[in-house]
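# The sequence isn't on hand, but the structure is:
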Ligand SMILES: Nc1ncnc2c1ncn2[C@@H]1O[C@H](COP(=O)(O)OP(=O)(O)OP(=O)(O)O)[C@@H](O)[C@H]1O
Ligand SMILES: [Mg+2]
């Protein structure tokens with residue numbers, strides 16, 4: 001668990017061979033505080049800077065201005081304390097499922113903070129069980145379905161028990177049923193571990209279902225437009241919380257916010273991808 005403070009963050013990308021005048025401002029003056037143990041979701045139109053923000057939180061990209069602090073310490077590069085799960089299953093094709101999960105544990109061991117070989121195998125198997133993958137430990141990625149591969153990626157991200165889990169549209173490539181299963185799995189894991197989670201999605205419904213707070217980003221430049229506290233009664237005891245009026249209200253509010261932030265019609269229409277909200281008329 002960790003607190004993330006984002007202070008006056010900015011990120012510009014220079015067009016190659018050009019001056020700063022033609023730089024693309026992906027993020028500007030972004031301030032945000034994500035609480036220890038929070039499940040924080042982030043939605044926004046395509047190209048608004050969500051992945052850029054996540055990459056900066058992960059330490060995979062450096063900001064142009066401002067800073068990110070995790071538990072008061074500036075982020076200056078990647079760290080095993082901040083695990084990332086991307087949309088595409090970033091598994092090593094030549095390693096079995098269990099070996100893929102062991103990868104992160106091995107690099108921890110090399111730093112003298114980890115488990116020995118048999119400890120790593122036990123831990124990797126534990127996490128594969130946690131994500132419902134017992135029985136496929138020795139299969140290679142090409143032998144697994146998309147949903148199974150993404151479970152392996154989640155097991156790998158969690159196995160070294162990071163303080164922060166950063167997820168960039170992790171379920172976007174999956175079918176609806178598998179996506180719902182993995183949403184519930186992730187909520188379950190979060191309820192048990194209370195790892196701080198930052199979760200990017202194009203699905204408004206997914207953002208409301210998972211997040212304690214949903215941030216809506218606007219684009220050009222990327223900023224936080226509004227943050228909505230999600231308070232759903234008995235969210236884990238109601239079978240179909242998604243069909244409650246409360247849920248619909250949140251969904252509609254976020255859909256409206258996203259719609260407002262869209263460029264004017266006829267000019268540069270917002271892509272369908274950026275406004276995915278089943279059940280809400282476009
Ligand atoms: N490496 C890069 N070089 C130049 N411009 C970039 C680079 N990465 C991102 N950008 C630009 O920064 C802006 C934000 O991109 P980013 O990928 O963060 O958007 P996003 O919100 O994740 O979009 P999507 O929802 O489509 O994934 C876009 O205008 C994009 O073209
Ligand atoms: Mg992105």
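Nice, I can see it. What you see is a predicted model, and the numbers here were worked out from it, not measured in a lab. Ligands and ions are numbered 1, 2, ... in the order given.
# And the helix or strand bottoming out on mean pLDDT in the chain, how far out from the chain middle?
For the chain, counting by mean pLDDT, DSSP states H and E, helix 97-110 ranks last in confidence among helices and strands (a mean of 87). In terms of CA atoms, centre = their mean, to the nearest Å, the centre of helix 97-110 is found 21 Å from the chain centre.
# now for it, which elements pack on it?
Taking 3 or more CB pairs under 8 Å, 6 or more residues apart in numbering; DSSP states H and E as the contact definition, the neighbouring helices and strands of helix 97-110 are helix 117-130, helix 146-159. To be clear about C-beta, it is placed using only N, CA and C from the backbone, and glycine gets the same treatment.
# May I see the buried residues of the first one?
It refers to helix 117-130. Buried positions in helix 117-130, judged by neighbour count with 16 or more other CB atoms under 10 Å: 120, 121, 123, 124, 125, 127, 128, 130.
# any chance of the helices and strands packed on helix 97-110 in TSV, plus mean pLDDT?
Rendered in TSV, the data for these read as follows (pLDDT from 0 to 100):
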stretch	mean pLDDT
helix 117-130	93
helix 146-159	91
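# Mind putting those helices into CSV with distance to residue 174?
Compiled in CSV, the helices and strands packed on helix 97-110 are given as follows (distance: least, CB to CB, whole Å):
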stretch, distance to residue 174
helix 117-130, 18
helix 146-159, 5
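# who touches the least confident helix or strand of the chain?
Residues from elsewhere that reach helix 97-110, judged by CB atoms under 8 Å, 6 or more residues apart in numbering: 80, 83, 91-92, 95, 114-116, 120-121, 123-125, 127-128, 133, 136-141, 144, 148, 152, 155-157, 159-160.
# Would you verify that residue 253 is located in a strand?
No. With DSSP: H, G, I helix; E, B strand; the rest coil as the criterion, residue 253 is assigned helix and is not in a strand.
# Quick check, it in contact with residue 228.
Yes. Residue 253 is within contact range of residue 228, at 6.6 Å (criterion: CB atoms under 8 Å).
# which residues are common contacts for the two?
Here residue 253 and residue 228 share no contacting residue, scored by CB under 8 Å, 6+ apart.
# which stretches of the protein form helices?
Using DSSP state H, the helices of the chain run over residues 50-58, 97-110, 117-130, 146-159, 176-193, 204-210, 245-260.
# Any idea which of these gets closest to residue 67?
Nearest of the helices of the chain to residue 67, taken as CB to CB: helix 50-58 at 9.5 Å.
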